[in-house]
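Colleague: kindly generate the corresponding structure for this input.
(one chain, ligands or ions: 1)
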Amino acid sequence: MTTPTAAEIEGAIRNVPDFPKPGIQFKDITPLLADARLFAGAVDLLTGKFQPGAVDAVVGIDARGFIFAAAAAVKLRASLVPIRKKGKLPYRTIEQDYALEYGTATIAMHVDALKPGARVLLLDDLLATGGTAAAAAALIRKLGAQILEIAFLIELKFLKGREKLNGYPVRSIIAY
Ligand code: AMP
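Modeller: The predicted model follows:
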(Lines give C-alpha, C1' and ligand atoms only; values in the text may rest on other atoms or scores of the structure.)
Protein backbone atom coordinates (compact mmCIF):
# COMPACT_ATOMS: atom_id res chain seq x y z
CA MET A 1 0.00 0.00 0.00
CA THR A 2 1.37 3.41 -0.90
CA THR A 3 1.29 6.08 1.78
CA PRO A 4 -1.55 8.52 1.09
CA THR A 5 -0.84 12.20 0.66
CA ALA A 6 -2.17 14.77 3.08
CA ALA A 7 -4.48 15.93 0.26
CA GLU A 8 -5.99 12.44 -0.01
CA ILE A 9 -6.57 12.38 3.74
CA GLU A 10 -8.16 15.80 3.61
CA GLY A 11 -10.46 14.54 0.86
CA ALA A 12 -11.80 11.87 3.23
CA ILE A 13 -12.75 14.29 6.01
CA ARG A 14 -16.39 15.27 5.89
CA ASN A 15 -17.46 18.75 6.92
CA VAL A 16 -20.74 18.70 8.81
CA PRO A 17 -22.17 22.20 9.31
CA ASP A 18 -23.88 23.22 12.56
CA PHE A 19 -22.86 20.13 14.57
CA PRO A 20 -23.04 19.75 17.54
CA LYS A 21 -24.42 23.29 17.63
CA PRO A 22 -25.10 26.15 15.19
CA GLY A 23 -21.95 27.81 13.84
CA ILE A 24 -19.62 24.84 14.40
CA GLN A 25 -18.35 23.00 11.34
CA PHE A 26 -17.63 19.51 12.60
CA LYS A 27 -14.72 17.62 11.00
CA ASP A 28 -16.05 14.08 10.64
CA ILE A 29 -13.24 11.53 10.40
CA THR A 30 -15.46 8.46 9.93
CA PRO A 31 -15.08 8.41 6.09
CA LEU A 32 -11.30 8.36 6.63
CA LEU A 33 -11.57 5.50 9.15
CA ALA A 34 -13.76 3.60 6.69
CA ASP A 35 -10.97 3.56 4.09
CA ALA A 36 -8.36 0.99 5.18
CA ARG A 37 -5.53 2.56 3.18
CA LEU A 38 -6.24 6.09 4.37
CA PHE A 39 -6.65 5.04 8.01
CA ALA A 40 -3.33 3.17 7.97
CA GLY A 41 -1.72 6.09 6.18
CA ALA A 42 -3.06 8.56 8.71
CA VAL A 43 -1.53 6.48 11.52
CA ASP A 44 1.79 6.39 9.64
CA LEU A 45 1.73 10.15 9.22
CA LEU A 46 0.80 10.71 12.87
CA THR A 47 3.64 8.53 14.15
CA GLY A 48 5.97 10.44 11.82
CA LYS A 49 9.66 10.05 12.53
CA PHE A 50 9.18 7.73 15.50
CA GLN A 51 10.27 4.12 15.17
CA PRO A 52 9.33 1.23 17.49
CA GLY A 53 11.26 1.67 20.74
CA ALA A 54 11.52 5.48 20.49
CA VAL A 55 8.35 6.14 22.49
CA ASP A 56 7.36 4.54 25.81
CA ALA A 57 3.69 5.55 25.75
CA VAL A 58 1.18 6.98 23.33
CA VAL A 59 -1.37 9.10 25.18
CA GLY A 60 -4.75 9.54 23.48
CA ILE A 61 -7.42 12.09 24.33
CA ASP A 62 -11.10 11.13 24.82
CA ALA A 63 -12.67 10.07 22.51
CA ARG A 64 -11.52 10.23 18.88
CA GLY A 65 -7.90 10.52 20.00
CA PHE A 66 -8.18 6.93 21.27
CA ILE A 67 -8.73 5.62 17.75
CA PHE A 68 -5.43 6.95 16.47
CA ALA A 69 -3.50 6.52 19.73
CA ALA A 70 -4.38 2.82 19.96
CA ALA A 71 -3.25 2.13 16.41
CA ALA A 72 -0.09 4.22 16.90
CA ALA A 73 0.75 2.43 20.16
CA VAL A 74 0.53 -0.97 18.48
CA LYS A 75 2.65 0.25 15.56
CA LEU A 76 5.30 1.76 17.85
CA ARG A 77 5.20 -1.15 20.34
CA ALA A 78 4.43 1.44 23.00
CA SER A 79 1.91 1.40 25.82
CA LEU A 80 -1.44 3.15 25.41
CA VAL A 81 -2.66 5.64 27.99
CA PRO A 82 -6.16 7.16 27.85
CA ILE A 83 -6.94 10.64 29.08
CA ARG A 84 -10.66 10.74 29.75
CA LYS A 85 -13.35 13.16 30.68
CA LYS A 86 -13.71 13.45 34.46
CA GLY A 87 -15.63 10.65 36.15
CA LYS A 88 -14.95 7.92 33.58
CA LEU A 89 -11.74 6.35 34.85
CA PRO A 90 -12.27 3.76 37.62
CA TYR A 91 -9.07 4.06 39.67
CA ARG A 92 -7.43 7.06 41.41
CA THR A 93 -6.88 9.96 39.05
CA ILE A 94 -5.17 13.30 38.66
CA GLU A 95 -7.35 15.96 37.06
CA GLN A 96 -6.92 19.15 35.11
CA ASP A 97 -9.51 21.86 34.41
CA TYR A 98 -9.51 23.89 31.22
CA ALA A 99 -11.59 26.71 29.80
CA LEU A 100 -14.32 26.17 27.24
CA GLU A 101 -16.14 28.86 25.30
CA TYR A 102 -18.67 28.86 28.14
CA GLY A 103 -17.52 27.45 31.48
CA THR A 104 -14.89 24.83 32.13
CA ALA A 105 -14.26 21.13 31.57
CA THR A 106 -12.10 18.60 33.39
CA ILE A 107 -10.02 15.73 32.07
CA ALA A 108 -8.40 12.96 34.08
CA MET A 109 -5.68 10.34 33.94
CA HIS A 110 -4.89 7.44 36.26
CA VAL A 111 -2.22 8.34 38.85
CA ASP A 112 -0.07 5.39 37.79
CA ALA A 113 -0.55 5.78 34.02
CA LEU A 114 2.98 7.00 33.26
CA LYS A 115 6.34 6.45 34.89
CA PRO A 116 8.52 9.49 35.63
CA GLY A 117 10.71 10.15 32.61
CA ALA A 118 8.52 8.14 30.24
CA ARG A 119 8.82 9.34 26.63
CA VAL A 120 5.34 10.28 25.44
CA LEU A 121 3.70 10.91 22.10
CA LEU A 122 0.41 12.77 22.70
CA LEU A 123 -2.24 12.33 20.00
CA ASP A 124 -5.64 13.76 19.24
CA ASP A 125 -7.75 13.97 16.11
CA LEU A 126 -8.09 17.73 16.04
CA LEU A 127 -6.48 20.90 17.43
CA ALA A 128 -9.01 23.70 17.81
CA THR A 129 -8.46 26.25 20.61
CA GLY A 130 -5.79 24.04 22.21
CA GLY A 131 -7.40 23.94 25.64
CA THR A 132 -7.87 20.18 25.67
CA ALA A 133 -4.34 19.37 24.50
CA ALA A 134 -2.77 21.90 26.89
CA ALA A 135 -4.65 20.31 29.80
CA ALA A 136 -3.56 16.84 28.63
CA ALA A 137 0.06 18.02 28.44
CA ALA A 138 -0.23 19.39 31.98
CA LEU A 139 -1.42 15.98 33.27
CA ILE A 140 1.47 14.21 31.56
CA ARG A 141 3.95 16.67 33.06
CA LYS A 142 2.39 16.27 36.54
CA LEU A 143 3.41 12.60 36.46
CA GLY A 144 6.95 13.58 35.49
CA ALA A 145 6.82 12.16 31.98
CA GLN A 146 8.36 13.95 28.99
CA ILE A 147 6.40 14.92 25.89
CA LEU A 148 8.38 14.18 22.75
CA GLU A 149 5.68 15.53 20.44
CA ILE A 150 2.01 16.46 20.25
CA ALA A 151 0.49 15.40 16.92
CA PHE A 152 -2.95 16.03 15.43
CA LEU A 153 -4.58 14.80 12.28
CA ILE A 154 -6.33 18.16 11.78
CA GLU A 155 -5.44 21.69 12.91
CA LEU A 156 -7.89 24.59 12.74
CA LYS A 157 -5.19 27.25 12.38
CA PHE A 158 -7.52 30.22 12.70
CA LEU A 159 -8.20 29.23 16.33
CA LYS A 160 -4.47 29.56 17.16
CA GLY A 161 -4.40 26.48 19.40
CA ARG A 162 -0.65 26.17 18.98
CA GLU A 163 -0.19 29.26 21.10
CA LYS A 164 -1.46 27.28 24.11
CA LEU A 165 1.09 24.54 23.39
CA ASN A 166 4.14 26.79 23.50
CA GLY A 167 7.30 24.91 24.34
CA TYR A 168 6.13 21.56 22.93
CA PRO A 169 6.90 20.25 19.45
CA VAL A 170 3.51 20.31 17.70
CA ARG A 171 2.74 18.69 14.36
CA SER A 172 -0.44 18.41 12.31
CA ILE A 173 -1.09 16.47 9.14
CA ILE A 174 -3.66 18.78 7.58
CA ALA A 175 -4.58 22.35 8.43
CA TYR A 176 -7.57 24.55 7.67
P1 AMP B 1 -9.89 22.40 21.69
O2 AMP B 1 -9.70 22.11 23.14
O3 AMP B 1 -10.67 23.64 21.42
O4 AMP B 1 -8.55 22.39 20.94
O5 AMP B 1 -10.79 21.24 21.08
C6 AMP B 1 -10.23 20.05 20.70
C7 AMP B 1 -11.13 18.87 20.98
O8 AMP B 1 -12.48 19.12 20.59
C9 AMP B 1 -10.65 17.68 20.20
O10 AMP B 1 -10.66 16.55 21.07
C11 AMP B 1 -11.63 17.53 19.06
O12 AMP B 1 -12.00 16.19 18.87
C13 AMP B 1 -12.84 18.38 19.44
N14 AMP B 1 -13.21 19.36 18.39
C15 AMP B 1 -13.14 20.71 18.51
N16 AMP B 1 -13.59 21.33 17.40
C17 AMP B 1 -13.94 20.35 16.53
C18 AMP B 1 -14.46 20.34 15.19
N19 AMP B 1 -14.71 21.47 14.49
N20 AMP B 1 -14.68 19.14 14.60
C21 AMP B 1 -14.44 18.00 15.28
N22 AMP B 1 -13.96 17.94 16.53
C23 AMP B 1 -13.70 19.10 17.17
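Colleague: pick out the residue closest to the middle of the protein.
Modeller: When CA atoms, centre = their mean is applied to the chain, the residue found nearest the centroid is Asp124 (1.3 Å).
Colleague: surely that one meets Gly65?
Modeller: Yes - the criterion here is CB atoms under 8 Å, and Asp124 meets it with Gly65 at 4.0 Å. All C-beta spots, glycine's among them, are computed from the backbone N, C-alpha and C.
Colleague: one step back: wasn't the residue nearest to the centre of the chain part of a helix?
Modeller: No - according to DSSP: H, G, I helix; E, B strand; the rest coil, Asp124 belongs to no helix; its state is strand.
Colleague: so what pLDDT did it get?
Modeller: The score at Asp124 is 98. That number is its pLDDT.
Colleague: what's opposite Ser172 in the beta bridge?
Modeller: Phe152 (DSSP bridges).
Colleague: quick one: it and Glu149 touch, right?
Modeller: No - applying CB under 8 Å, one finds Ser172 not in contact with Glu149, separated by 11.0 Å.
Colleague: OK, contacts around the residue nearest to the centre of the chain?
Modeller: Taking CB atoms under 8 Å, 6 or more residues apart in numbering, we find Asp124 in contact with 60-61, 64-65, 68, 132-133, 136, 150, 152.
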